[in-house]
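In: Task: produce atomic coordinates for the following.
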Amino acid sequence: MKKRININKRARVEIDRYPMVEVHWRDIVSDSSWQSTTHLIKAQLPICVTKGHLLSQAKGMTRIFGDFSVKSNSDPEEIEEIGNTTIIPNSVVVKIKKIKT
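Out: Down below sits the predicted model:
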């Protein structure tokens, strides 16, 4: 992987621990149509982009979440659940950058 982004474990508000990031990664391509070998040799993998809160970059995987719910009456706000999650193998990550919010 090209870069590691730190998780702020000391943040007072829980969501502030997880920075907003933009992850560029190579996707797998499959095609069942007939084509020449020259066409396949020239084919490229697309670069995809995923944006969200960085949960972790451990055990060979980058974990991102886009949505979260907060516990009722918690002060400061505590995360109850997360949603819209993506797990990307670190081996296909081209770059990752922190998004300034």
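
In: helix, strand or coil for residue 40?
Out: Following DSSP: H, G, I helix; E, B strand; the rest coil, residue 40 is assigned to helix.

In: the strands in the chain, which residues?
Out: For the chain, strands defined by DSSP state E occupy the ranges 20-26, 47-58, 61-70, 79-89, 93-98.

In: Point to the residue nearest the middle of this structure.
Out: Most central in the chain under C-alpha atoms, centre = their mean is residue 64, positioned 4.1 Å from the mean C-alpha point.

In: Give the closest residue to it in space, chain neighbours not counted.
Out: In space, and not counting its chain neighbours, residue 64 is closest to residue 52: 4.0 Å by C-beta to C-beta, 6 or more residues apart in numbering. For the C-beta atoms, the positions are set from N, CA and C on the backbone; glycine is no exception.

In: Likewise for residue 29?
Out: Leaving out its chain neighbours, the residue that sits closest to residue 29 by C-beta to C-beta, 6+ apart is residue 45, at 6.0 Å.

In: Then residue 28?
Out: Computed as C-beta to C-beta, 6+ apart, the closest residue to residue 28 that is not its neighbour in sequence is residue 45, at 7.3 Å.

In: cool, residue 99 as well?
Out: That would be residue 20: by C-beta to C-beta, 6+ apart, it lies 4.2 Å from residue 99.

In: Check the gap between residue 3 and residue 12 for me.
Out: Residue 3 sits at a distance of 26 Å from residue 12 (criterion: C-beta to C-beta, to the nearest Å).

In: I'd say residue 50 and residue 25 touch.
Out: Yes - at 7.0 Å, residue 50 counts as touching residue 25 under the criterion of C-beta atoms under 8 Å.

In: In this protein, where is pLDDT below threshold?
Out: 1-2 (pLDDT under 70).

In: Need the outlier residue of it, farthest from its centre.
Out: residue 36 (34.8 Å).
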